[in-house]
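Chemist: Give me coordinates for this.
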Amino acid sequence: ETALDQHVKWGLHHLDLKDSVFGKGVADLTDAEAAKAATMMSQRELSVYCMSTQLFHDDIEIGEPAFREAHLSKLDRVIAVAKILKPALVLLLSSRSLMRNRLWYSLDYIREDCRWLIRSYQEAIERLSDAGLDVTIENECDDNILSSPTEIIDFFDELNLGAAVNLTWDVANLWQMGTFPTMEVYQQLQPLI
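Modeler: Residues are numbered from 1 along each chain as shown. The predicted model follows:
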């Protein structure tokens, strides 16, 4: 309640919910907790713009079975919570690689050794989209697979899902990954944003 009241004082109307909602990540809320949060927001004329999940933010080297169990197994819960909170967007995170410091271009590695990652993203996006939810992927930092405009554009091309998914461009994260924010970078990424 204190956090929601503060948002009202700041004059904000749309929230990005991620964690610390009743002490949990947003995707871990029960139906009752999500309904309580929705009521509390509605009473303050607040809405959820983005429901930020932690899905896919993991080292791809854990392998497909462990990755699917850690992330795709949570999709039903994410969908159930999203149906209650009614976000404009559901956010997935870009994955990490323990090989990042040896990779000039992560898509070669993904195509050769981790092709399942693309299929996993496609499955998640299609399931969320089929549930009536709009999906965005945010580029993260710290060993992230998306460190340049080329990697981001090529990753979205590999997904081949068109308007079913867009990019939330975190300028600071991409900068931390080595790409200085310029208008040229923005213009390259703008069609995906």
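Chemist: Quick one: mean pLDDT for the helix or strand where Met41 lies?
Modeler: Remark: Met41 resides in helix 31-43, with elements defined by DSSP states H and E. Taken as a whole, helix 31-43 carries a mean pLDDT of 98.
Chemist: need the next SSE after it, C-terminal direction.
Modeler: As assigned by DSSP H and E, the chain's next helix or strand after helix 31-43 is strand 47-52.
Chemist: so what does that next one touch, helix or strand wise?
Modeler: Contact here means 3 or more CB pairs under 8 Å, 6 or more residues apart in numbering; DSSP states H and E; on that basis strand 47-52 packs against strand 14-17, helix 75-85, strand 89-93. Placement of C-beta: from N, CA and C, glycine included.
Chemist: Give me the contacts around whichever helix or strand comes after that strand.
Modeler: Per DSSP H and E, the first helix or strand lying C-terminal to strand 47-52 is helix 64-70. The contact list for helix 64-70 (CB atoms under 8 Å, 6 or more residues apart in numbering) reads Asp58, Ile60, Ile62, Cys114, Trp116, Leu117, Ser120.
Chemist: which ones are touching the residue most central in space within the chain?
Modeler: Nearest to the geometric centre of the chain sits Leu92, at 2.0 Å (CA atoms, centre = their mean). The contact partners of Leu92, by CB under 8 Å, 6+ apart, come to Thr53, Leu55, Phe56, Tyr121, Ala124, Ile125, Val135, Thr136, Ile137, Glu138.
Chemist: before we move on, the earlier item: ranking the contacts of helix 64-70 by neighbours, who comes first?
Modeler: Ile60 (23 neighbours; other CB atoms under 10 Å).
Chemist: can you tell me which residues contact it?
Modeler: Ile60 neighbours (CB under 8 Å, 6+ apart): Phe67, Ser95, Arg96, Ser97, Ile110, Cys114, Leu117, Ile145.
Chemist: Surely the second one is in contact with Trp116?
Modeler: Going back to what we said before, that points to Ser95. No - contact criterion CB atoms under 8 Å: Ser95 and Trp116 do not qualify, at 11.3 Å.
Chemist: Distance of Ala32 relative to Ser52?
Modeler: 21 Å (CB to CB, to the nearest Å).
Chemist: Over to Ser148?
Modeler: 23 Å.
Chemist: Repeat that for Val90.
Modeler: For Val90, the distance to Ser52 - CB to CB - is 8 Å.
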